[in-house]
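Engineer: Kindly generate the corresponding structure for this input.
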Amino acid sequence: LKKYWNYLQLHPIESNICEYSFKFETNDIKLFGKCDRIDLVGDNDVNIIDYKTSRKIDTKNELMKNIQLGIYAIFLLNEGIEINGKKIKKIPYRVKMLYLRESEPEVSIQFTEGDLDEFLKEMIVISDRILEENFKPNKGRHCDWCVFKDLICYEFG
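Structural biologist: The predicted structure follows:
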């Protein structure tokens with residue numbers, strides 16, 4: 001918390017929304033989720049921030065392939081968000097990961113429309129495989145939070 005507090009002193013937040021729940025549908029795929037933080041930047045730009053407490057810090061190249069961040073950006077572009085009475089519907093100015101264990105916690109990226117198109121293609125492939133029950137579970141520590149492990153995951157039978 002002290003490292004994050006120090007970071008905030010150097011990077012004050014002007015206008016933000018925390019724990020923003022969203023849902024949207026695209027290509028017959030229904031998605032829902034929650035953004036840790038959404039900041040208004042200037043008059044019409046938005047940053048999406050995700051907090052991480054893990055020890056592993058992803059590089060910018062790894063974040064550019066992170067489907068979770070891609071979904072956040074697609075949500076903002078397709079559905080938008082109302083901040084201070086203004087509807088903003090566009091690609092985020094920046095998408096950031098804040099690694100809370102670090103003194104310099106921020107790793108930020110910018111997506112293009114082409115990047116989001118690639119995420120949509122990947123989402124369609126994943127959705128099709130799930131509907132066909134053609135997926136191999138990847139058992140790990142993330143299984144503790146999975147809502148499907150007791151329903152359809154043969155790793156947990």
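Engineer: ok, residues contacting stretch 72-92?
Structural biologist: By CB atoms under 8 Å, 6 or more residues apart in numbering, the surrounding residues in contact with stretch 72-92 are 15, 17, 20, 22, 24, 26, 31, 33, 35, 38, 40, 44-48, 50, 95, 110-113, 115-116, 119-120. In this view, the C-beta of every residue, glycine as well, is placed from N, C-alpha and C.
Engineer: Are any of the residues you listed buried, and if so which?
Structural biologist: 20, 22, 24, 35, 38, 40, 46-48, 50, 95, 111, 115-116, 119-120 (16 or more other CB atoms under 10 Å).
Engineer: which one of the residues you listed sits closest to Cys153?
Structural biologist: Phe119 (24.2 Å; CB to CB).
Engineer: dump the residue contacts of that closest one.
Structural biologist: So Phe119 contacts 67, 70-71, 73-74 (CB under 8 Å, 6+ apart).
Engineer: now it: how far from Glu133?
Structural biologist: 23 Å (CB to CB, to the nearest Å).
Engineer: do the same with Leu8
Structural biologist: Distance from Leu8 to Glu133, by CB to CB: 46 Å.
Engineer: does the residue nearest in space to the middle of the chain count as helix, strand or coil?
Structural biologist: In the chain, the centroid-proximal residue (CA atoms, centre = their mean) is Leu69; its distance is 3.2 Å. Using DSSP: H, G, I helix; E, B strand; the rest coil, the structure places Leu69 in helix.
Engineer: now swap in Ile130 and tell me
Structural biologist: Taking three-state DSSP, the label given to Ile130 is helix.
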